[in-house]
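[1] A predicted structure for the sequence below; I have some questions about it.
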Amino acid sequence: MVAKDQLEVQVMAAQEMELAGKDPVSHEHEERKPVTETKEGDVTDEHGERGSFAETDEHTGVDTKELEDIAADIKEDLAAKRKRIERVAKACSEIKNRIKNVLRTTQLKRQKRDYRISLKLPNVLEEFITDEQKDEEGEGEKEEQIKIFQEQQKRWQQDGRGTERD
C-alpha cells in the first residue's frame, strides 16, 4: 500500500514537471542513488550490502532512493505475510494434531466400551434365556392353576346344588 502511494506521488511529480516544461527524467536537482535490482539481477552482494550502479546505467535521472524504499517496503510486506502464513500453517497443524488426538481417544473409549459389552453379553443372554424359560413355565403353571380353579368352581357348584336339594 505504501509502495503504491509512493509510486502515485512519483507519477504525479513527473506529470507536474512535464506540464511545467521540464524533462521529468533528467531533473537537474535530482541526485542519482543506487537501486536494488537491474536487468542482470539483484545488486546486493553476498553479505546483503547494496552495490552502487555504474555510471553508464540506463536508469539515469530516476530517483533510486524512492525505488529502494519501495523495494524495502515490499520486502517487509512479503516477510510479514510469510510469517503470517507460517503462523497459520502452525496453527492448522496444531489443530490437526488435536483432532487426531480426540479421534484416537474416542476410538479407544469406543473399543473399551465394546469390549466390556462383549464380556457382559453372554451373561445377559443367559439371564434372558432363563427368564424366558421361567416365564414359559410360569404360564404353564398359571394354566394349571386356572384349570384347578375351574374344577373347584364346578365342584362347588355341584356341591351347592346338592345342598339345596336337601
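    Looks like it arrived, so ask away. Numbers count the residues shown, from 1 in each chain.
[2] what's the neighbour count on I117?
    As a burial measure, I117 scores 10 neighbours (other CB atoms under 10 Å). The C-beta positions use only the backbone N, C-alpha and C, and glycine is treated the same way.
[3] Remind me what the helix or strand containing it packs against, helices and strands.
    Using DSSP states H and E, I117 sits in helix 64-165. The helices and strands touching helix 64-165, judged by 3 or more CB pairs under 8 Å, 6 or more residues apart in numbering; DSSP states H and E, are helix 2-20.
[4] tell me the mean pLDDT over the helix holding I117?
    Throughout helix 64-165, pLDDT has a mean value of 89.
[5] quick one: that helix to helix 2-20, angle?
    140 degrees (axes from the mean of the first three to the mean of the last three CA atoms, to 10 degrees).
[6] List the buried residues of stretch 126-142.
    With burial defined by 16 or more other CB atoms under 10 Å, not one residue of stretch 126-142 is counted as buried.
[7] what does that stretch rub up against?
    The contact list for stretch 126-142 (CB atoms under 8 Å, 6 or more residues apart in numbering) is empty.
[8] could you dump it to CSV, C-alpha only?
    Written as CSV, here are the backbone C-alpha positions of stretch 126-142 (Å, rounded to 0.1, in the frame of the first residue of the first chain):
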residue,chain,number,x,y,z
GLU,A,126,-28.1,-66.5,29.6
GLU,A,127,-30.3,-64.4,32.0
PHE,A,128,-32.7,-63.6,29.2
ILE,A,129,-33.0,-67.3,28.2
THR,A,130,-33.6,-68.4,31.8
ASP,A,131,-36.1,-65.7,32.3
GLU,A,132,-38.0,-66.7,29.2
GLN,A,133,-37.9,-70.3,30.3
LYS,A,134,-39.3,-69.3,33.7
ASP,A,135,-42.0,-67.3,32.0
GLU,A,136,-42.9,-70.2,29.9
GLU,A,137,-43.0,-72.5,33.0
GLY,A,138,-44.9,-69.8,34.8
GLU,A,139,-47.5,-69.7,32.0
GLY,A,140,-47.8,-73.4,32.2
GLU,A,141,-48.3,-73.2,36.0
LYS,A,142,-50.9,-70.4,35.5
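[9] Let the chain start at 43 from now.
    Right, with 43 as the first residue, what we last looked at is stretch 168-184.
[10] what about Q199, how many neighbours?
    10.
[11] next one: Q195
    10.
[12] Can you tell me how far it is from K184?
    Distance of Q195 to K184, computed by CB to CB, to the nearest Å: 16 Å.
[13] again with N139
    64 Å.
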